[in-house]
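Enquirer: Take this sequence and fold it.
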Amino acid sequence: MLRQFAVLVLFVALTMAAGAGVGILTAPGEWYAALNKPAFNPPNWIFGPVWSALYLMIGVAGWRIWRAKGAGLAMALWWVQLALNLAWSPVFFGMQQPLAALGVLAAMLAAIIAFMAVARRADAFAFWLFAPYAVWVIFAGVLNTSIVILN
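Expert: Okay, the predicted model is just below:
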């Protein structure tokens, strides 16, 4: 039981630390502030709390899949979506390439949906933990697309 809890803490801490680290290293700056954005663009302060909650859910889902028997493909997809998630900010903010970031986002959404499809059989709760993440990434895709079009 203690080992399971320690692994849960590790999954959540690593997921949140990776997300926070990328966020700090690629924080929006003057370039992003100067972009034309759609009217539905959320205020900048909303992204931190939303991503914190999402990273918590992503970490818990990863832990639950790690514990599930026969969930090898789901675990592989969990790592793929996380890698794509962590790649988006460096491409969008660091390289200042919104169109390329949109490609990363599309691949991330595909990995999220694939994870959900496979994880549902192994752990339905992990599936549901990813539902808000999928919705947010769809919204992020609409926002990213709008920024590409407006600029």
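
Enquirer: Do a quick rundown of the helices in the chain.
Expert: Ranges of helices within the chain are 2-25, 30-34, 47-67, 72-89, 98-122, 124-150, based on DSSP state H.

Enquirer: Can you name the residues that contact residue 71?
Expert: Listed by C-beta atoms under 8 Å, 6 or more residues apart in numbering, the contact set of residue 71 reads 65, 118, 119, 122, 123. For every residue, glycine as well, the C-beta is placed using N, CA and C.

Enquirer: my read: the third one touches residue 130, true?
Expert: Yes - with contact defined as C-beta atoms under 8 Å, residue 119 reaches residue 130; the gap is 7.1 Å.

Enquirer: okay, these two: which has more neighbours?
Expert: Neighbours of residue 119 and residue 130, each counted by other C-beta atoms under 10 Å, are more numerous for residue 119; the result is 27 against 23.

Enquirer: what's the spacing between the more buried one and residue 61?
Expert: Distance, residue 119 to residue 61, by C-beta to C-beta, to the nearest Å: 7 Å.

Enquirer: which residues are common contacts for the two?
Expert: 78, 126, 130.

Enquirer: Save those residues as TSV, and put in pLDDT and distance to residue 55 too.
Expert: As requested, the shared contacts of residue 119 and residue 61 are exported to TSV (pLDDT from 0 to 100; distance: C-beta to C-beta, whole Å):
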residue	pLDDT	distance to residue 55
78	97	13
126	96	15
130	98	12
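
Enquirer: between those residues, which is closest to residue 2?
Expert: For residue 2, the nearest member of the shared contacts of residue 119 and residue 61 is residue 126. The distance, counting by C-beta to C-beta, is 21.7 Å.

Enquirer: So what's the residue count around the closest one?
Expert: Residue 126: 27 neighbours (other C-beta under 10 Å).

Enquirer: quick one: pLDDT of residue 119?
Expert: Note on residue 119: pLDDT of 95.

Enquirer: give me every residue that touches it.
Expert: By C-beta under 8 Å, 6+ apart, the contact set of residue 119 is 61, 65, 71, 74, 77, 78, 126, 127, 130.

Enquirer: Could you do residue 62 as well?
Expert: Counting by C-beta under 8 Å, 6+ apart, residue 62 has contacts 11, 15, 75, 78, 82, 126.

Enquirer: Verify the stated contact: residue 151 with residue 38.
Expert: No - using C-beta under 8 Å, residue 151 is not in contact with residue 38, being 10.9 Å away.
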